[in-house]
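Enquirer: pasting the sequence and the predicted model now:
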Protein chains: 2
Amino acid sequence: MNPDDLLARHDLLGILSPEERQALLRHVAVRTVAAGQTLFRRGDPGDGLYGVLSGGIVVTVESAEGKELILNRFGPGEFFGEIALLDGKGRTANALVREAGRLLFLPRGEFLPFLERRPALAVRMIALLCDRLRRTTELFEDAALRDVPVRLAKQLSVLAERQGAGAGETVAISQAELAQTLGVSREIVSRHLGVWRDAGLVELGRGRIRIRDRAPLHRIVAGG
Amino acid sequence: MNPDDLLARHDLLGILSPEERQALLRHVAVRTVAAGQTLFRRGDPGDGLYGVLSGGIVVTVESAEGKELILNRFGPGEFFGEIALLDGKGRTANALVREAGRLLFLPRGEFLPFLERRPALAVRMIALLCDRLRRTTELFEDAALRDVPVRLAKQLSVLAERQGAGAGETVAISQAELAQTLGVSREIVSRHLGVWRDAGLVELGRGRIRIRDRAPLHRIVAGG
DNA sequence: CGCCGTCTGCGAACCAGTTCACACAACGGA
DNA sequence: TCCGTTGTGTGAACTGGTTCGCAGACGGCG
């Protein structure tokens, strides 16, 4: 994906005219990032908005004891880092590169005036924020109300939807990372998946989970 | 608080000129609501934005088993119900009247065009959404990473801050409601508070909690 | 090929919170 | 005032998840 593609295709900036996109692109930097690299950490000033051209990003927070929780994942075509950009307060979370790739960086000083002068863009930004808010609210609900098997099945479905698409329903993720996404221990993820493997719902491999039958997982999510 | 006060004083609509406020007020309805009344439920169409003139509102979701979780509270001067209003999808949660009072209702059809024609208003709305997003993210983090005493102490501090102001640090809330806010059982709230009462940190009464010393609570929040 | 680091699987002890059951206190009417 | 309702305190059994410890397997790399 090239920068203009990202700007043109995304809901957020796709409404700009070609001229406006070119104007924005003049202020934009492309950064090549390596796996494991830290983009920003909680508390850092929110100096700009990121777009993913290629690779994968995880947004995390960590507890006092060093336990890390994954809040969100971003892949090609997605933007992240908008909260601190918009409200001028510090970053709420850490952003780490999970898969090497290339990022677009829109500096705050260039982007904000752009936003203020284009009401249609502000409306898109509002839609993006509403989407995030719905997603985050659901995370909280699930953490407080749903038990682990339900949340695990849900997460697997989401991941299969995202990356699996047609890849034979195989999700490329380690059980440790899955555990960090749910905020539970690696062992409990292993045990629940073990039960599902024995029941023939999934096949387990090193760093990957193959969903053999989606329906029972959905039933677990629905049934509680 | 009267309708014009609400519009004039709030961050969201305070930037409007007096004429604009009057224009908006012509489309606004004032509803008197009784304690226990339901304003909307999850899935309902998002037909408008609410502002609290007096009284108190809680926004909740419930699990399949009927366990209720309180996501947010709103009092005089605050707006709620903006997500479904803005993105046109269904309500994400239920809104119940906790304390009788009067509400302002801005119908979607009137408010949205208003928003689209006023970039400054859109920017305020973006700020409001960022605020909600920060808050909700913190709820999820706490639910996933922090243990109950920490979350309880945190919640007590927030409530004391909000309503207590100068009221001798007394929070008017039942332990059952506190439990619903944290997503835990009433009993565990009672037990933790009991420990703190025995340690002289708080005094407990029916439907109220008096914080005798704020510092130790803050220490619990900070220390993990 | 052979080694090493990472990932997975499990057993066992432990622990925090849940659930159930009940006593009692406080408050608000009739 | 008496009664019903709602809120609180607490014990006891239970349960789901954590923690610790370790064995084995896979996969990449020299």
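Expert: Thanks, I have the structure now. Numbering: from 1, shown residues only, chains lettered A, B, ... in the order given.
Enquirer: which parts of chain A are helices?
Expert: Per DSSP state H, chain A carries helices over the ranges A:3-9, A:18-25, A:82-87, A:108-116, A:119-145, A:148-159, A:175-182, A:186-198, A:214-223.
Enquirer: which one is the residue nearest the centre of chain A nearest to, not counting chain neighbours?
Expert: With distances taken as Cα atoms, centre = their mean, residue A:73 lies nearest the centre of chain A, 2.1 Å away. Nearest residue to residue A:73, sequence neighbours excluded (Cβ to Cβ, 6 or more residues apart in numbering or on different chains): residue A:58, at 5.4 Å. (Glycine included, C-beta is placed from N, CA and C.)
Enquirer: before we move on, the earlier item: can you pull the pLDDT of the residue nearest to the centre of chain A?
Expert: Among the per-residue scores, residue A:73 holds a pLDDT of 96.
Enquirer: same question for the one 4 residues further on.
Expert: What the model reports as pLDDT for residue A:77 is 93.
Enquirer: contacting residues around the helix or strand of chain A with the lowest mean pLDDT?
Expert: None of the helices or strands of chain A scores lower by mean pLDDT, DSSP states H and E than helix A:3-9, at a mean of 87. Contact with helix A:3-9 is made by A:13-14, A:16, A:21, A:24-25, A:28, A:30, A:51-53, A:77, A:104, as judged by Cβ atoms under 8 Å, 6 or more residues apart in numbering or on different chains.
Enquirer: residues contacting the residue nearest to the centre of chain A?
Expert: Neighbour list for residue A:73: A:56-59, A:98, A:162 [criterion: Cβ under 8 Å, 6+ apart].
Enquirer: equivalent analysis for residue A:210, please.
Expert: Contact analysis of residue A:210 by Cβ under 8 Å, 6+ apart lists A:168-171, A:202-204.
Enquirer: what does residue A:122 give?
Expert: When contacts are taken as Cβ under 8 Å, 6+ apart, residue A:122 is in contact with A:115-116, B:119, B:122-123, B:126.
Enquirer: separation between it and residue A:111?
Expert: Residue A:122 sits 12 Å away from residue A:111, taking Cβ to Cβ, to the nearest Å as the criterion.
Enquirer: joint contacts of these two?
Expert: Common neighbours of residue A:122 and residue A:111, using Cβ under 8 Å, 6+ apart, do not exist here.
Enquirer: picking up where we left off before, pick the most deeply packed of the helices of chain A.
Expert: Each of the helices of chain A was scored by mean neighbour count; the highest is helix A:82-87, a mean of 22, by mean count of other Cβ atoms under 10 Å in any protein chain shown.
Enquirer: how about residues contacting that one?
Expert: Helix A:82-87 is contacted from outside by A:44-49, A:90-92, A:108, A:111-112, A:125, A:128-129, A:132, B:126-127, B:130-131, B:133-134, using Cβ under 8 Å, 6+ apart.
Enquirer: same check on stretch A:14-26?
Expert: For stretch A:14-26, the external contacting residues (Cβ under 8 Å, 6+ apart) are A:3-4, A:7-8, A:13, A:106, A:110-111, A:114, A:118, A:120-121, A:124.
Enquirer: once you drop chain neighbours, what's closest to residue A:172?
Expert: Using Cβ to Cβ, 6+ apart, the closest residue to residue A:172 is residue A:208 (5.2 Å).
Enquirer: just residue A:29 next, same as before
Expert: Using Cβ to Cβ, 6+ apart and skipping the chain neighbours, the partner closest in space to residue A:29 is residue A:105 (4.5 Å).
Enquirer: same deal with residue A:53?
Expert: Counting by Cβ to Cβ, 6+ apart, residue A:53 lies nearest to residue A:102, which is 4.2 Å off, once chain neighbours are set aside.
Enquirer: distance check, the one you found against residue B:30.
Expert: For residue A:102, the distance to residue B:30 equals 54 Å [Cβ to Cβ].
Enquirer: more neighbours, these two?
Expert: Neighbour comparison, residue A:102 and residue B:30: the larger count goes to residue A:102, with 18 against 13 (by other Cβ atoms under 10 Å in any protein chain shown).
Enquirer: contact partners for that one?
Expert: Listed by Cβ under 8 Å, 6+ apart, the contact set of residue A:102 reads A:30-33, A:53-55.
Enquirer: now, which of the residues you listed sits nearest residue A:191?
Expert: Nearest to residue A:191 among the contacts of residue A:102: residue A:55, at 32.0 Å, using Cβ to Cβ.
Enquirer: hmm, the closest one is touching residue A:104, no?
Expert: No: using Cβ atoms under 8 Å as the test, residue A:55 is too far from residue A:104 to be in contact (11.6 Å).
Enquirer: residue A:76: how many residues sit nearby?
Expert: Residues lying near residue A:76 (other Cβ under 10 Å) number 15.
Enquirer: wait, it sits on residue A:10?
Expert: No: counting by Cβ under 8 Å, residue A:76 does not reach residue A:10; the two are 10.5 Å apart.
Enquirer: off-centre distance for stretch A:6-25?
Expert: Distance of stretch A:6-25 from its chain centroid, counting by Cα atoms, centre = their mean, to the nearest Å, is 22 Å.
Enquirer: same deal with stretch A:85-96?
Expert: 15 Å.
Enquirer: for stretch A:104-116, same thing?
Expert: With Cα atoms, centre = their mean, you get 21 Å for stretch A:104-116.
Enquirer: give me the residues contacting it.
Expert: Here stretch A:104-116 makes contact (Cβ under 8 Å, 6+ apart) with A:3, A:6, A:24, A:27-31, A:46-53, A:85, A:121-122, A:125, B:119, B:123.
Enquirer: list the contacts of residue A:90.
Expert: Contacts of residue A:90 (Cβ under 8 Å, 6+ apart): A:42-46, A:84.
Enquirer: one more pass at 7 Å, please.
Expert: Under the criterion of Cβ atoms under 7 Å, 6 or more residues apart in numbering or on different chains, the neighbours of residue A:90 are A:43-46, A:84.
Enquirer: check residue A:211 too.
Expert: Residue A:211 makes contacts with A:156, A:160, A:169, A:202, A:217, as judged by Cβ under 7 Å, 6+ apart.
Enquirer: so how far is residue B:119 from it?
Expert: 46 Å.
Enquirer: what do you get for residue A:31?
Expert: 30 Å.
Enquirer: repeat for residue A:190
Expert: For residue A:190, the distance to residue B:119 (Cβ to Cβ) stands at 52 Å.
Enquirer: repeat for residue A:87
Expert: From residue A:87 over to residue B:119 the distance is 17 Å, taken as Cβ to Cβ.
Enquirer: domain assignment for chain A?
Expert: If you go by automatic domain parsing, the domain ranges for chain A are A:3-135, A:146-222.
Enquirer: nearest to DNA strand D, out of those?
Expert: In terms of Cβ to the nearest atom of the strand, the element of the domains of chain A nearest to DNA strand D is domain A:146-222, at 3.2 Å.
Enquirer: ends of the closest one, how far apart?
Expert: End-to-end distance for domain A:146-222, by Cα to Cα, to the nearest Å: 11 Å.
Enquirer: do that domain and DNA strand C come into contact?
Expert: Yes: Domain A:146-222 comes into contact with DNA strand C (Cβ under 7 Å from any atom of the strand), by way of A:174-176, A:186-187, A:190-191, A:193-194, A:197, A:204, A:206-207.
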